[in-house]
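Undergrad: Structure for the following, please:
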Amino acid sequence: MEPGNAPGPACSRTSFADRWGSLSIDRSVQVSPDYWSVMETKPAGFLEKYPAVVTGFFFFMWYFLNVIFNILNKKIYNYFPYPYFVSVIHLLVGVVYCLLSWTVGLPKRAPINSTLLKLLFPVALCHALGHVTSNVSFAAVAVSFAHTIKALEPFFNAAATQFVLGQQVPLPLWLSLAPVVLGVSMASLTELSFNWTGFINAMISNISFTYRSIYSKKAMTDMDSTNVYAYISIIALIVCIPPAVIIEGPQLLQHGFNDAITKVGLTKFVSDLFFVGLFYHLYNQVATNTLERVAPLTHAVGNVLKRVFVIGFSIIVFGNRITTQTGIGTCIAIAGVAIYSYIKAKIEEEKRAKSA
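TA: Numbers count the residues shown, from 1 in each chain. Take a look at the predicted model:
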């Protein structure tokens, strides 16, 4: 019986689900049709009434957390240049956050078995390598330049899709990547903070995250994204600890910790590490939540704008001097990423429309 229609004289029960679960209504009582209409109408909360406002808030938080993370991260490296250790802290704070969330049931922890662990391990390994090399790059060069190099990630994704997965990449996508390569090349040639450590590690990061995407497709699971990211973070943390101890451990014990505490004090040092780890985890989580709320095209455009915001704010905050050629190259690279993201999202939407 549709809402608003008067119930018949006979006793009948209609079940429906609302946000509180499955409920049953006894229609044996003769009441006004308007009563049933009101009873069966789910009250619209703020999230339902203003979806655009909520989505806008998610985008704002995604940008805000990402910008704050990148700025605080670079400030830490200016007085504590130990990217392997800081990478471990990023993951450690995130893992503690996940464990506390599981403890209170937000979200409920999804069980994991050896089969799923084998599927997630390559993803986590690539995540760990990409995360560490990103931080080595951020520590070695200006944030704006590191993000310009990381704009090449779509190029590596396209190459891996075509030559590793054997899936044909449309010609328009390849052509859209030309300005990305050109822009990064222009920016690199005249970047004042350029050094090979930063450049090579940013490139390794691009390759690592590309393979992370490949293995993620092979490890498709019914587990929700929050739980998957939590397990990946735990595995990545375990992977990152040994190299951090081996590569930076002796220096940290000899003078690394003492130098940082002498420069900024123990309280600021500890709080900086805690908050940079928290912002790292939250911006990744919010990025995932934002993706779940919008179409791929919207998310792709948002991702490009996010990189623009990070580059722009980092130049303002740190007062990085950039040459005209570097600035032009960065703009060309970002424009190329925007074109690539737009074309790719449109192709994916057309594929879904045909399969629907």
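Undergrad: So for the lengthiest helix in the chain, what gets flagged as buried?
TA: Criterion DSSP state H: the longest helix present in the chain is helix 324-355. Within helix 324-355, the residues that count as buried by 16 or more other CB atoms under 10 Å are 326-327, 329-341, 343-345. All C-beta spots, glycine's among them, are computed from the backbone N, C-alpha and C.
Undergrad: Now do the SS call for Ala110.
TA: Using DSSP: H, G, I helix; E, B strand; the rest coil, the structure places Ala110 in coil.
Undergrad: Show the pLDDT at it.
TA: With respect to pLDDT, Ala110 scores 92.
Undergrad: Number the chain from 28, please
TA: Renumbered: residue one is now 28, and that last one reads Ala137.
Undergrad: hmm, back to that, which elements pack onto the longest helix of the chain?
TA: Packing partners of helix 351-382 (3 or more CB pairs under 8 Å, 6 or more residues apart in numbering; DSSP states H and E): helix 170-177, helix 180-190, helix 198-217, helix 323-345.
Undergrad: Identify, out of these, the most deeply packed stretch.
TA: Of all those, helix 170-177 carries the top mean neighbour count, a mean of 26, counting by mean count of other CB atoms under 10 Å.
Undergrad: the inter-axis angle of it versus helix 323-345?
TA: Taking axes from the mean of the first three to the mean of the last three CA atoms, to 10 degrees, one finds helix 170-177 and helix 323-345 inclined to each other by 150 degrees.
Undergrad: And for Leu264, the neighbour number?
TA: When neighbours are defined as other CB atoms under 10 Å, Leu264 has 22 of them.
Undergrad: What pLDDT is listed against it?
TA: Leu264 carries a pLDDT value of 98.
Undergrad: didn't it look like it was pressed against Ile116?
TA: No: when contacts are counted by CB atoms under 8 Å, Leu264 is not listed as touching Ile116 (9.9 Å).
Undergrad: In CSV: the helices and strands packed on helix 351-382, plus distance to Asp286.
TA: As requested, the helices and strands packed on helix 351-382 are exported to CSV (distance: least, CB to CB, whole Å):
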stretch, distance to Asp286
helix 170-177, 22
helix 180-190, 34
helix 198-217, 31
helix 323-345, 21
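Undergrad: nearest to Asn140, of these?
TA: Proximity to Asn140, assessed across those by CB to CB, is greatest for helix 180-190 (28.5 Å).
Undergrad: What average pLDDT does that closest one get?
TA: Rounded mean pLDDT across helix 180-190 is 87.
Undergrad: Show residues contacting that helix.
TA: Residues outside helix 180-190 that contact it (CB atoms under 8 Å, 6 or more residues apart in numbering) are 194-196, 200-201, 204, 207-208, 233-234, 236-238, 240-241, 364, 367-368, 371.
Undergrad: Hey, what's the angle from it to helix 198-217? Just curious.
TA: Using the same axes, to 10 degrees: helix 180-190 against helix 198-217 is 140 degrees.
Undergrad: quick one: which helix or strand includes Asn93?
TA: helix 78-106 (DSSP states H and E).
Undergrad: how distant is that helix from the center of its chain?
TA: 11 Å (CA atoms, centre = their mean, to the nearest Å).
Undergrad: now whichever helix or strand comes after it: how far from the chain's centre is it?
TA: The first helix or strand that comes after helix 78-106 along the chain, using DSSP H and E, is helix 110-130. Relative to its chain's centre, helix 110-130 lies at 15 Å (CA atoms, centre = their mean).
Undergrad: In terms of secondary structure, what does the helix or strand following helix 110-130 contact?
TA: Using DSSP H and E, the next helix or strand after helix 110-130 towards the C-terminus is helix 141-167. Applying 3+ CB pairs under 8 Å, 6+ apart, one finds that helix 141-167 makes contact with helix 78-106, helix 110-130, helix 170-177, helix 223-245, helix 252-278.
Undergrad: Who are the packing partners of the first one?
TA: Yep, that's helix 78-106 we're talking about. Using 3+ CB pairs under 8 Å, 6+ apart, the elements in contact with helix 78-106 are helix 110-130, helix 141-167, helix 170-177, helix 284-291, helix 293-320, helix 323-345.
Undergrad: quick one, the last one and helix 351-382 angle?
TA: Between the direction of helix 323-345 and that of helix 351-382, the angle (the same axes, to 10 degrees) works out to 160 degrees.
Undergrad: Can you tell me which helices and strands helix 323-345 packs against?
TA: The contact analysis (3+ CB pairs under 8 Å, 6+ apart) places helix 323-345 against helix 78-106, helix 170-177, helix 293-320, helix 351-382.
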